[in-house]
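[1] model this:
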Amino acid sequence: MRKVTLGFAFLFVAACGPSYGGQGVKTPEEIVAEQEQMGAEQEAQEKDYQGSAEETDLEKKAKFDKKQTELELKRAERSGETCPGVVTEEGPTGTAHVTLLFANDGHVKDASIAAPFEGTQVGNCVLNAMKAVIVPRFTGPEETVEWEVHVEAKADDSADDKKKK
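    Residues are numbered from 1 along each chain as shown. This next block holds a predicted model:
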């Protein structure tokens, strides 16, 4: 029993232990001084902070999306390559160089096509297909995109379809 009592007494003394200070109630002046010190440290850290070089998600979304533009132009290119009823063996064929100017709302503001397609039915058809492209809205200056469309005359499949029937 004596050992148990000594054990409890030892634990009581160890638990209460010596005071390490700072456990008293702070005066308002001490609280204000502590807050001012923390504020000064924070200002010093902010001066040293260079900022993140990475863009936020909102900044990335607001920029011109080149990947989405490429996807949309490829879709329009497939439409402009054949231009049903317009692309013939007599008309110009080959690579058409198209220049598109995108406004901030994502629509094509201006489009042009280089010679020999300029002013031809084939050129107008390709331009109509490319002008229909709409990309996501973006901030910043208007974007100019150069694109190539390979225009080839296809064999008339309608004659073959009539023979099969």
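[2] can you give me the strands for this structure?
    94-102, 108-113, 143-151 (DSSP state E).
[3] export these to TSV and tack on mean pLDDT?
    Output for those, formatted as TSV (pLDDT from 0 to 100):
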stretch	mean pLDDT
strand 94-102	93
strand 108-113	95
strand 143-151	92
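[4] closest one to residue 82 among those strands?
    strand 143-151 (8.2 Å; C-beta to C-beta). Where C-beta positions appear, they are placed from N, C-alpha and C, glycine not excepted.
[5] same for the closest one, what does it pack against?
    If you count contacts as 3 or more C-beta pairs under 8 Å, 6 or more residues apart in numbering; DSSP states H and E, strand 143-151 packs onto helix 66-82, strand 94-102, helix 121-131.
[6] Which stretch among those is buried most, on average?
    Each of those was scored by mean neighbour count; the highest is helix 121-131, a mean of 20, by mean count of other C-beta atoms under 10 Å.
[7] helices or strands up against that one?
    helix 66-82, strand 94-102, strand 108-113, strand 143-151.
[8] what would the helices and strands packed on strand 143-151 look like in TSV with distance to residue 54?
    Formatted as TSV, the helices and strands packed on strand 143-151 follow (distance: least, C-beta to C-beta, whole Å):
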stretch	distance to residue 54
helix 66-82	18
strand 94-102	25
helix 121-131	34
